[in-house]
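Novice: dropping the sequence and predicted coords here.
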Amino acid sequence: MKSIVKIEALSKVYASGHQALSRVDLEIRQGEILALLGPNGAGKTTLISIICGIVSASTGSVSVAGYDIVRDYRQTRDLIGLVPQELTLGAFDTVWNSVNFSRGLFGKSSDPAYLEQLLKDLSLWDKRDSELRELSGGMKRRVLIAKALSHEPRILFLDEPTAGVDVELRQDMWKMVRKLNDSGVTIILTTHYIEEAEEIADRVGIISEGRLLLVEDKQCLMQKLGTKQLLIELRQAIDAVPAALADYSLELSADRYHLVYTYDTQSERTGITSLLQALHGTGLSLKDLKSSQSSLEQIFVSLVSAK
Amino acid sequence: MRVNYQAIRVIYKYEMLRAWNTLLQSVASPVISTSLYFVVFGAAIGSRIEEIDGVSYGVFIVPGLVMLSLLTQSIANASFGIFFPKFTGSIYEVMSAPISFFEIVVGYVGAAASKSLILGVIILLTANLFIDLNIAHPFVMVLFLVLTCVSFALFGFIIGLWATNFEKLQLIPMLVITPLVFLGGSFYSVSMLPPAWQTVTLFNPVLYLISGFRWSFFEVADVSVAVSLAMISLFLVVCLVLVWWMFKTGYRLKQ
Ligand SMILES: Nc1ncnc2c1ncn2[C@@H]1O[C@H](COP(=O)(O)OP(=O)(O)OP(=O)(O)O)[C@@H](O)[C@H]1O
Ligand SMILES: [Mg+2]
């Protein structure tokens, strides 16, 4: 697939001396939804800010659609919309003026019909004449999204879009993201929540302490790094794991009706066949078998702690 | 070279709108304070002061009063205009837009300068209610008016960028500009000072402004009008160079 953003050996050292990014390489594919996952202070906002032109890189380069973000900043910024992490809005202008201002900043001639539809899509149309300071936090978040989309960008950055957002707005937002994505907009979002990445992203990048630990297709990532659990339900309760099964490091559940076998999907032999044979040997009779995949959360924790 | 006119236009419009929303503060307060100066210095005290260089005192102080408002308002407008978005964080939008620093400056400084230009005209009209104002050299007057508005708006923009909090924002206007304006001959002719102080005053840049501006009204000046024009142009160039340097280094905007 064609890449639309190319990040090469990007590093950032802030004036304070803090190294926020260390040699990040990343290609963002055209039309994908990429989730950047990482704990507080990992460098997600810094990375996005550099691409959007708010922070300057210390070393390394970024190109967007083949244009360099420093030399050809007009071309690259034309393509980009940014929803910042913080609710950074002016105070006294109205919602309507504010989105018109944003569109104008990007050099686009005014298009009231488009902006009207945009505000309607974000349930902001009723609030168009309200002053920004009168809006609730969730409303402000919507306004920021409207401002980011006001110039019809081809790439949308959402920096922690769901922070302080209720379930309804979150659902609206995901709907909107999918719709934009279907119309060809590339979407990059950051999040602390693994379920979010799992829910919406095509690919997931994991950042920790300024390093991009990995970028993978979501499915791939979960397969490649995920462990699976096999839940064996028994017909009778047992008091202890039979000695014949000692090799499999099984866990007995509290109700004594289930054995839990954890295995690595990556390894050549999962050991399931031999386990089942061994089980057969013990004479235990099985009621049911279930397997479950570990969530991105577990993957994430194991990755970050491994480094 | 591509210029994002649309962006300049919206920044300019936005800043002008801000003045409209705070009309009372933007226009009424300078008009009121100017009127007060007239009542106090022009009428009450002025009537007991003899003419200066053949100009009655109430009339003599008009150019100085206009300059006083122009300087403080240009700086206040422009510095606040760029400081506030920095303060709220909404500046991110301007920084991530396909707009050059030059365009940002034109938008913000242009609006601030326009506002104080309008204000200068309003003050002159107000003054005209109190006294009979004759302008000897209208073109020179307008030239001084425009140059002053633009260069001090530029200076205000620099202060707004530099300031990291509200105190710093007030610091220079209060500690530097106000004394310089008062000591720059707004309310007196430099020739009224003892000789030693006359020399000291020559180091006050505001003196040249007020002197030149006053010359355009009464053909009375402390220093020659050419020197005045040269000084204000020099100040403008210094501000331009400073802004250009800020642009090059991303000073206080880009980490
Ligand atoms: N202007 C700055 N000056 C100095 N250090 C900074 C600055 N901005 C960010 N940092 C530091 O850089 C690191 C990365 O910050 P960044 O905001 O990119 O993290 P993040 O991944 O977005 O975190 P969060 O999830 O909390 O938003 C942090 O340690 C932060 O303290
Ligand atoms: Mg962040």
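Specialist: Sure, I can see it. This one's a predicted model, so the numbers in the text were calculated from it and none came from an experiment. Ligands and ions are numbered 1, 2, ... in the order given.
Novice: which helix or which strand is home to the residue most central in space within chain A?
Specialist: Nearest residue to the geometric centre of chain A (CA atoms, centre = their mean): A:Ala35, 2.6 Å. Assigned by DSSP states H and E, A:Ala35 falls within strand A:33-37.
Novice: check which element follows that strand along the chain.
Specialist: Defined by DSSP H and E, the subsequent element after strand A:33-37 is helix A:44-52.
Novice: just give the closest residue to the residue of the stretch 51-200 of chain B found nearest chain A, not the sequence neighbours.
Specialist: Here the stretch 51-200 of chain B gets closest to chain A at one residue, B:Gly89, 3.1 Å apart by CB to the nearest CB. To be clear about C-beta, it is placed using only N, CA and C from the backbone, and glycine gets the same treatment. Of all residues not flanking B:Gly89 in the chain, A:Thr88 sits nearest, at 3.1 Å (CB to CB, 6 or more residues apart in numbering or on different chains).
Novice: just confirm that neighbour is within a helix.
Specialist: No - read with DSSP: H, G, I helix; E, B strand; the rest coil, A:Thr88 is coil and lies in no helix.
Novice: which strands border the strand or helix carrying A:Leu289, and is each parallel or antiparallel?
Specialist: Per DSSP H and E: A:Leu289 is located in strand A:286-293. When sheet partners are counted by DSSP bridges, strand A:286-293 sits next to strand A:227-234 (antiparallel).
Novice: pLDDT on whichever helix or strand comes after the partner strand, on average?
Specialist: Toward the C-terminus, strand A:227-234 is succeeded by strand A:251-252 as the next helix or strand (DSSP H and E). Here strand A:251-252 scores 86 as its mean pLDDT.
Novice: please name the nearest non-neighbouring residue to residue 80.
Specialist: As the question left the chain open, I've gone with chain A. A:Ile155 (5.0 Å).
Novice: wait, chain B
Specialist: Nearest one to B:Phe80, counting by CB to CB, 6+ apart, is B:Gly160 at 6.6 Å.
Novice: where's the one you found relative to A:Asn97, distance?
Specialist: To A:Asn97, B:Gly160 is 22 Å away according to CB to CB, to the nearest Å.
Novice: looking at those two, which is more packed in?
Specialist: B:Gly160 (26 against 19; other CB atoms under 10 Å in any protein chain shown).
Novice: about what we covered before: any idea of the pLDDT on the residue nearest to B:Gly89?
Specialist: So, for A:Thr88, pLDDT stands at 85.
Novice: and if you look at A:Glu152?
Specialist: Looking at A:Glu152, its pLDDT stands at 95.
Novice: and it, how many neighbours does it have?
Specialist: 16.
Novice: what of the one 4 residues further on?
Specialist: Other residues lying near A:Leu156 total 24 when counted by other CB under 10 Å.
Novice: wait, a strand at it?
Specialist: Yes - under three-state DSSP, A:Leu156 sits within a strand.
Novice: I'd say A:Glu209 and A:Gly43 touch.
Specialist: Yes - counting by CB atoms under 8 Å, A:Gly43 is a contact partner of A:Glu209 at 7.5 Å.
Novice: give me the more crowded residue out of those two.
Specialist: Between A:Glu209 and A:Gly43, A:Gly43 has the larger neighbour count (other CB under 10 Å), namely 26 against 16.
Novice: circling back to that earlier point, which residues are in contact with the residue nearest to B:Phe80?
Specialist: B:Ala78, B:Ser79, B:Phe80, B:Gly81, B:Ile82, B:Phe83, B:Lys86, B:Leu169 (CB atoms under 8 Å, 6 or more residues apart in numbering or on different chains).
Novice: then A:Ala9?
Specialist: Here A:Ala9 is in contact with A:Arg23, A:Val24, A:Asp25, A:Thr59, A:Gly60, A:Ser61 (CB under 8 Å, 6+ apart).
Novice: give me the element the second one is part of.
Specialist: In this structure, A:Val24 is located in strand A:19-29 according to DSSP H and E.
Novice: quick one: list the elements packing against that strand.
Specialist: Here strand A:19-29 touches strand A:3-13, helix A:44-52, strand A:186-191, strand A:203-208, strand A:211-217, going by 3 or more CB pairs under 8 Å, 6 or more residues apart in numbering or on different chains; DSSP states H and E.
Novice: in JSON lines: those, plus distance to ligand 1 and mean pLDDT.
Specialist: Below are these laid out as JSON lines (distance: least, CB to the nearest ligand atom, whole Å; pLDDT from 0 to 100):
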{"stretch": "strand A:3-13", "distance to ligand 1": "8", "mean pLDDT": "95"}
{"stretch": "helix A:44-52", "distance to ligand 1": "3", "mean pLDDT": "96"}
{"stretch": "strand A:186-191", "distance to ligand 1": "7", "mean pLDDT": "95"}
{"stretch": "strand A:203-208", "distance to ligand 1": "7", "mean pLDDT": "91"}
{"stretch": "strand A:211-217", "distance to ligand 1": "12", "mean pLDDT": "89"}
